[in-house]
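1. Let me see the structure of the following:
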Amino acid sequence: MSNPPAVAPRAELTTPLLIVGGGPVGLAMSLFASQAGVDCVLLERRGTTSPLPRATHVSRRTMELLRGAGLEPRIRRAGFEVLPPGDPRAFTEPATTLPQTVVGVSCLAAMDDAEVLETGEEELAVPGPCPPFWCGQDRMEPLLRDAACRAGGQVRFGHELVGLSLPDGGVRAAARGPDGDYTVRARWLVAADGARGSIAERVGIAKSGLGVVGHRVTVLFRADLEPLLRGRRFFMSMIEGPEFSGAVMQLNDPDRWAAAIDYRPERGERADDFTPERCLDLVRGAIGDRSVPVELDAVFHWKAQHRMASTYRRGPVFLIGDAAHLHPPTGGFGSNVGIQDAHNLAWKLAAVLDGWAGEQLLDSYDAERRPVAAATAEQSLLLDGHGPLLDGARQPCDMRTLIMGYSYGGSPAVLGDGVDGPFPEPFELSGAPGRRVPHVTGTLPDGSVDGTVDLCRGTFVLLTADPGWRDAARAIAGATGVPLRTLLVGPGADADLREPERPGVGGPGFPTACGVGRRGALLTRPDGIVAWRTTDAPTEATAAARARLAAVLERLLARPPAASPAVGGHSHPHAGPLGEAQTALHRRQVEWVAHLVDQVPHAGSLQP
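-> Just a heads-up that it's a prediction; the model follows:
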């Protein structure tokens, strides 16, 4: 799909959500918000998507979110599926797979003497619906852009934010596109404007951190290395030799590679020293065989930084991605953390806009994502050799925890047993509130096989093996106006997700995997995070079970008690199934647009 044509702007347009920045994180925000039913406009000053691969690793947790958005088949065609070490598909399907193995060697020509430095075997062994992928930003951005447009998002490349004010709690933005200047008025603004963006500063959000922690050069080149590698495949090669010190990574295009080199200004080394001629010489040193033809594609210089925003929200403005957190690229966490930011925020904006959550729910975005990003940044610094710069002793955590075992314990949008920190150890996904729902597979009524990670998305979902909890949840679904569905899980014929009898089946069954027993229940949020669980059996009085669930939702969603509908056996006249909730969503969007028109246009102006 080609880049959508520029949209001729009106003098003024209104939208519930304005997104500034069209990198992978901003585009993901547009996609997730649009799929949640939030009308949004995205402004990106670049004329098109990135031509450079840049971010390449799509972690398992990020892939789960993108799979939920319907993108896995396209990513599978565009990238490499990351395999466990030793998987034979690395040799039988070399065009579509890549083993998650990091090797150390003096040069690529000496691959016979390579040493395996690390693998992702433990991460890949965690139950889940999909593997990670290796897919460069130059391929990922068009996929995200096209998906966002298909979902209804307005994606405007070649359009730039040139002014910003926050009148009466809303947003008034001055924009400039190919056809002239115009105004965008919105309820919220999401700043995905990256490391060099100015929105955080404009709204008074301070940033702190270690600053620049490294200077690097990335060299993109083309070379047929198969005669040297002879079928060997690897995620990354760390090279320490007489003519090259750095890393070499395979990219998605055949015979296309990237070489990364650190340099140190304190030793008198400068970016200008890395001329195309020197970079070509360094690449040949990395290869180790100067008879191999090499074509230089591009050379770009950049700085590894550590900077963290003091808050991710200021009034109607939210920060995501590099606009909120910067850290070294080691581990490939940057864009993954940013895409997870977007997913966390999107469903909350939709909930508030639709009226089934209170405005205070949005404060949980900062409470959940900022600690995770700060802890991820610390781990990146440790992996990058900057541990001594950190204040106090830090230890590397389990990579599984870092990638998919993070916790929102202590968040106001989670009802758990207490604060356990963003990276609880030891690693576990056992149904604890604040963590990703455990992946339990079973058979659906239509005979297809599915799992809880895929089924627990888009709405609140109550998982239970007890029909009493199922009936209570169904009774309050319409009364509360919250999109809520239930899954009865178990071996019985009436189960919504039918598990096989456990003998001979690997892994624990639902009651054990999710820590609820045979009579308890587990409630997941629209982002697949466990919000609440209980081992208690539902009481004989159905009304009491309904009231308990309603109280849980009221607290999780920061709903004013006076505004919560009565919980009984009758449906609320404006609530019901998710389709009816979407109708209410669009009604509230129209109401908000009418409210914007009546606002004072220049109050509280923040000029660029």
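2. From Ser106, how far off is the residue lying farthest from the centre of the chain?
-> No residue in the chain sits farther from the centre than Ser291, which is 42.8 Å out by Cα atoms, centre = their mean. According to Cβ to Cβ, to the nearest Å, Ser291 stands 18 Å off from Ser106. The C-beta positions use only the backbone N, C-alpha and C, and glycine is treated the same way.
3. same check, this time on Glu359
-> 59 Å.
4. Between these two, tell me which one has more neighbours.
-> Ser106 (17 against 10; other Cβ atoms under 10 Å).
5. how deep is Val294 tucked in, by neighbour count?
-> For Val294, using other Cβ under 10 Å, the count is 17.
6. What residues does it make contact with?
-> Contact analysis of Val294 by Cβ atoms under 8 Å, 6 or more residues apart in numbering lists Phe221, Arg222, Ala223, Leu280, Val283, Arg284, Ile287.
7. residue closest to the middle of this protein?
-> Gln340 (2.2 Å).
8. Let's verify that one: helix, strand, or coil?
-> With DSSP: H, G, I helix; E, B strand; the rest coil as the basis, Gln340 sits in helix.
9. That one and Arg61 touch, don't they?
-> Yes: Gln340 is in contact with Arg61 according to Cβ atoms under 8 Å; the separation is 6.7 Å.
10. picking up where we left off before, go through the contacts of Val294 and flag which are in helices.
-> Under the assignment DSSP state H, the contacts of Val294 contribute Leu280, Val283, Arg284, Ile287 to helices.
11. can you map out the helices along the stretch 1-150 of the chain?
-> 24-35, 60-68, 72-78, 89-92, 121-124, 137-150 (DSSP state H, counting those that start in this stretch).
12. Does anything pack onto the second one? Which helices or strands?
-> Counting contacts by 3 or more Cβ pairs under 8 Å, 6 or more residues apart in numbering; DSSP states H and E, helix 60-68 packs against helix 72-78, helix 334-354, helix 399-404, helix 452-455.
13. 6 Å instead, please
-> helix 334-354, helix 399-404 (3 or more Cβ pairs under 6 Å, 6 or more residues apart in numbering; DSSP states H and E).
14. What is the subsequent helix or strand relative to whichever strand or helix holds Asp181?
-> Applying DSSP states H and E as the criterion places Asp181 in strand 180-191. Toward the C-terminus, strand 180-191 is succeeded by helix 199-202 as the next helix or strand (DSSP H and E).
15. pLDDT below threshold where in the stretch 51-200 of the chain?
-> For the stretch 51-200 of the chain, no stretch is flagged by pLDDT under 70.
16. Could you point out which of the helices of the stretch 1-150 of the chain sits nearest Val184?
-> With Cβ to Cβ, the closest approach to Val184 among the helices of the stretch 1-150 of the chain belongs to helix 24-35: 14.0 Å.
17. Run through the neighbouring helices and strands of the particular helix or strand that has Arg216 in it.
-> Assigned by DSSP H and E, Arg216 belongs to strand 207-222. Counting contacts by 3+ Cβ pairs under 6 Å, 6+ apart, strand 207-222 is packed against strand 256-263, helix 276-287, strand 295-309.
18. mind redoing it with 10 Å?
-> The contact analysis (3 or more Cβ pairs under 10 Å, 6 or more residues apart in numbering; DSSP states H and E) places strand 207-222 against strand 245-250, strand 256-263, helix 276-287, strand 295-309, strand 325-326, helix 363-383.
19. before we move on, back to that, now the contacts of Val294 as TSV including distance to Ala544 and pLDDT?
-> Shown next, in TSV, are the contacts of Val294 (distance: Cβ to Cβ, whole Å; pLDDT from 0 to 100):
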residue	distance to Ala544	pLDDT
Phe221	68	97
Arg222	68	97
Ala223	70	97
Leu280	74	96
Val283	70	97
Arg284	75	97
Ile287	71	97
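20. Neighbour count for those residues - can I get that in a markdown table?
-> What follows is those, written out as a markdown table (neighbours: other Cβ atoms under 10 Å):
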| residue | neighbour count |
| --- | --- |
| Phe221 | 24 |
| Arg222 | 16 |
| Ala223 | 20 |
| Leu280 | 16 |
| Val283 | 25 |
| Arg284 | 19 |
| Ile287 | 24 |
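21. any idea of the mean pLDDT for stretch 16-31?
-> Mean pLDDT, computed over stretch 16-31, is 98.
22. Okay, now that stretch: how far is its last residue from its first?
-> One end of stretch 16-31 to the other measures 15 Å (Cα to Cα, to the nearest Å).
23. buried stuff in stretch 318-329?
-> Along stretch 318-329, these residues count as buried under the neighbour rule (16 or more other Cβ atoms under 10 Å): Phe318, Leu319, Ile320, Gly321, Asp322, Ala323, Ala324, His325, Leu326, His327, Pro328, Pro329.
24. re earlier: pairing partners for the strand holding Asp181, with directions?
-> strand 12-20 (parallel), strand 171-177 (antiparallel), strand 317-319 (parallel) (DSSP bridges).
25. What ranges in the stretch 401-550 of the chain fall below the confidence cut-off?
-> If you take pLDDT under 70 as the line, the stretch 401-550 of the chain has these spans: 418-419, 502-507, 540-541.
26. one more time with 90, if that's ok
-> Low-confidence segments of the stretch 401-550 of the chain, defined by pLDDT under 90: 409-410, 416-421, 477-481, 492-493, 500-509, 538-545.
27. count of residues packed around the closest residue to Ala351 other than its chain neighbours?
-> Nearest non-adjacent residue to Ala351, counting by Cβ to Cβ, 6 or more residues apart in numbering: Ala357, 3.6 Å away. For Ala357, the count of nearby residues is 25 (other Cβ under 10 Å).
28. which residues touch Leu65?
-> 28, 31-32, 58-59, 71, 336, 339-340, 342-344, 346, 457, 527-528 (Cβ atoms under 10 Å, 6 or more residues apart in numbering).
29. between the residues you listed, which is nearest Leu402?
-> Scanning the contacts of Leu65 for proximity to Leu402, where the rule is Cβ to Cβ, the winner is Ser59, at 9.1 Å.
30. and the closest one, how far is that from Cys135?
-> In this view, Ser59 and Cys135 are 11 Å apart by Cβ to Cβ.
31. what do you get for Phe221?
-> 19 Å.
32. Pro396 now?
-> 26 Å.
33. Who has more neighbours out of the two?
-> Cys135 (27 against 11).
34. looking at it, that one is touching His57, isn't it?
-> Yes: here Cys135 reaches His57: they are 8.3 Å apart, a contact under Cβ atoms under 10 Å.
35. Now the common contact residues for the two.
-> Gly79, Val82.
36. Let's see stretch 229-246 as PDB, backbone CA atoms only.
-> In PDB, the C-alpha atoms belonging to stretch 229-246 read as follows (Å, rounded to 0.1, in the frame of the first residue of the first chain):
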ATOM      1  CA  LEU A 229      28.800 -18.300   6.700                       C
ATOM      2  CA  ARG A 230      27.900 -21.600   4.900                       C
ATOM      3  CA  GLY A 231      24.300 -21.700   6.200                       C
ATOM      4  CA  ARG A 232      25.100 -20.500   9.700                       C
ATOM      5  CA  ARG A 233      22.400 -18.100  11.000                       C
ATOM      6  CA  PHE A 234      22.500 -15.800  14.000                       C
ATOM      7  CA  PHE A 235      20.600 -12.900  15.600                       C
ATOM      8  CA  MET A 236      23.700 -10.900  16.000                       C
ATOM      9  CA  SER A 237      27.500 -11.300  15.900                       C
ATOM     10  CA  MET A 238      29.700  -9.500  18.400                       C
ATOM     11  CA  ILE A 239      33.100  -9.100  16.700                       C
ATOM     12  CA  GLU A 240      36.300  -8.300  18.500                       C
ATOM     13  CA  GLY A 241      39.200  -8.400  16.100                       C
ATOM     14  CA  PRO A 242      42.300  -6.600  15.000                       C
ATOM     15  CA  GLU A 243      40.400  -4.600  12.300                       C
ATOM     16  CA  PHE A 244      36.900  -4.200  13.700                       C
ATOM     17  CA  SER A 245      35.300  -4.000  17.200                       C
ATOM     18  CA  GLY A 246      31.500  -3.900  17.300                       C
END
